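Enquirer: give me a 3D structure for the following:
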Amino acid sequence: MKNRLSFRLMIAAVLTVSLSVSGGQIVLKNGDRLTGTIATMADGKVTVETALAGTVEIPVENVQTISSDEPLELHLNDGTVIKQSVEKDTEGMIKTAGSEVIESQRVALADIETINPPEPEAPKWKGDLSAGLTYASGNTSNESYAFSGNLSKRTENDRTTFKGDAAKKKEKSGGEKVTTEDWWIVGGKYDYFLNEKAYVFGESSYEQDEIADLDRRVILGGGVGYQWIEKETQNFSTELGAASVYEKYETSGSGDSKFSLQMGYHYDQQLNETFSFIHDLNYYPSTEQFSDYFLTSSAEVRAKINSHLFTSFKVLFDYDASPATGKGSTDTKYMFGIGVNF
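Expert: Below you'll find the predicted structure:
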């Protein structure tokens, strides 16, 4: 019996020593302590690697103070980076160890944006492609298709985007199928960031619309922009510049080129785990006569199916103050499809 008791005491002593010599410790506001290696702090949570419980995540709001024998890389909200071991301090505070060159300082946990942030991923192309198809025969006879695609790459200094939309529809009328929709548009844009928020841009687009008698519309423009919000869940930017708008209609012998101002914005937001919203608008008033303008806008709602698939409902609205002869100024297009992210 005495040998068994001695063995248990020895095991308990070994566990106590192993915990006490670990690299760090978190003191919680309720008085509990968690010992282990401070792995990281991000998105409002501290991650600790423990010997007994494995990886543990703790909300920062529950943490009183932190200590670590190993240097931690502290990224503060004001952009300051400190790489030192830290000591426990009063509630909501930590104390850096300091050195012969740098004095120890007290830092509030609320002033720390991240601890040991992971290396940023190398910039890569991201995009999506969606399609909608319908076909009916018999008493009702029609067929239609629509495609939409986006491709973009964001680096530390610039952003490149490409996009395209297309749709075609045929309906049976008087024994013959008549084309009631036939259009496509492609465009590209390059943004170069002068600092974290401000950027200069250049863009172009090419469009055709058979039903609107639009042989082609070519827009070349550029200017300055400001990225008010740039997050995974929300983005908002505004732009101002100048553009050349060239339009040629089937009913006219030659095209018409106008020098215009260019104003626009982009907004997108992740509404919840399932739905997201995307909205763009660009306005091109002629410098010769502001009442002669072209406006284009799109609004899209996406519903997530899984990590790669989504459904999409998209509305595209165009207003041309100088349309083709016999055609209206307003065009509204509706697109519904299933898409894939890549």
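
Enquirer: what helix or strand is the closest residue to Val27 other than its chain neighbours located in?
Expert: Sequence neighbours aside, Gln64 is the residue nearest to Val27 in space, at 4.7 Å (criterion: CB to CB, 6 or more residues apart in numbering). The C-beta positions use only the backbone N, C-alpha and C, and glycine is treated the same way. Assigning secondary structure by DSSP states H and E places Gln64 in strand 63-76.

Enquirer: tell me which strands that strand pairs with, and in which orientation.
Expert: strand 24-28 (antiparallel), strand 81-88 (antiparallel), strand 112-115 (antiparallel) (DSSP bridges).

Enquirer: which element follows the first one toward the C-terminus?
Expert: Translated: strand 24-28. Moving toward the C-terminus from strand 24-28, the next helix or strand (DSSP H and E) is strand 33-42.

Enquirer: and for the second one?
Expert: Of the helices and strands lying after strand 81-88 in sequence (DSSP H and E), the nearest is strand 93-96.

Enquirer: and that next one, what other elements does it pack with?
Expert: strand 63-76, strand 81-88, strand 106-108 (3 or more CB pairs under 8 Å, 6 or more residues apart in numbering; DSSP states H and E).

Enquirer: now the residue nearest to Val27: how far from Lys29?
Expert: The spacing between Gln64 and Lys29, counted by CB to CB, to the nearest Å, is 5 Å.

Enquirer: then Ser68?
Expert: Ser68 is 19 Å from Lys29, by CB to CB.

Enquirer: and these two? Which one has more around it.
Expert: Neighbour count, other CB atoms under 10 Å: between Ser68 and Lys29, Ser68 has more, with 23 against 12.

Enquirer: quick one: Phe336 from Ala242, how far?
Expert: In terms of CB to CB, Phe336 sits 35 Å off from Ala242.

Enquirer: the helix or strand harbouring Arg302: partners in the sheet, and parallel or antiparallel?
Expert: Per DSSP H and E: Arg302 is located in strand 293-304. Here strand 293-304 has these sheet partners by DSSP bridges: strand 275-285 (antiparallel), strand 309-320 (antiparallel).

Enquirer: that one: how far from the chain's middle?
Expert: How far strand 293-304 lies from its chain's middle: 16 Å, per CA atoms, centre = their mean, to the nearest Å.

Enquirer: can you list contacts of that strand?
Expert: Contacts with strand 293-304, where a contact means CB atoms under 8 Å, 6 or more residues apart in numbering, come from 217, 245, 247, 260, 273-286, 310-321, 339.

Enquirer: cutoff 6 Å now
Expert: 245, 274-285, 310-321 (CB atoms under 6 Å, 6 or more residues apart in numbering).

Enquirer: phi, psi of Lys29?
Expert: Torsion angles at Lys29 (phi, psi; degrees, to the nearest 10) stand at phi -70, psi -20.

Enquirer: ok, now how distant is it from Asp256?
Expert: 70 Å.

Enquirer: could you do Val301 as well?
Expert: For Val301, the distance to Asp256 (CB to CB) stands at 35 Å.

Enquirer: check Ala166 too.
Expert: Distance from Ala166 to Asp256, by CB to CB: 24 Å.

Enquirer: which one's more surrounded, those two?
Expert: Between Ala166 and Asp256, counting by other CB under 10 Å, Ala166 is the more crowded of the two (17 against 11).

Enquirer: and that one, how close does it get to Ser307?
Expert: Taking CB to CB as the measure, Ala166 falls 27 Å from Ser307.

Enquirer: same question for Ala51.
Expert: 33 Å.

Enquirer: looking at those two, which one has more neighbours?
Expert: Remark: of Ala51 and Ser307, Ala51 carries more neighbours, 12 against 7, as counted by other CB under 10 Å.

Enquirer: tell me the confidence at the more buried one?
Expert: What the model reports as pLDDT for Ala51 is 86.

Enquirer: could you do the one 3 residues further on as well?
Expert: At Gly54, the model reports a pLDDT of 89.

Enquirer: what bridges to it?
Expert: Beta bridges link Gly54 to Thr50 when assigned by DSSP bridges.

Enquirer: 317 is where my numbering starts, stick with that
Expert: From this message on, residue numbering opens at 317, which makes the last subject Gly370.

Enquirer: what's the burial count for it?
Expert: Counted with other CB under 10 Å, Gly370 comes out at 9.

Enquirer: cool, Lys484 as well?
Expert: By other CB under 10 Å, 16 other residues sit near Lys484.
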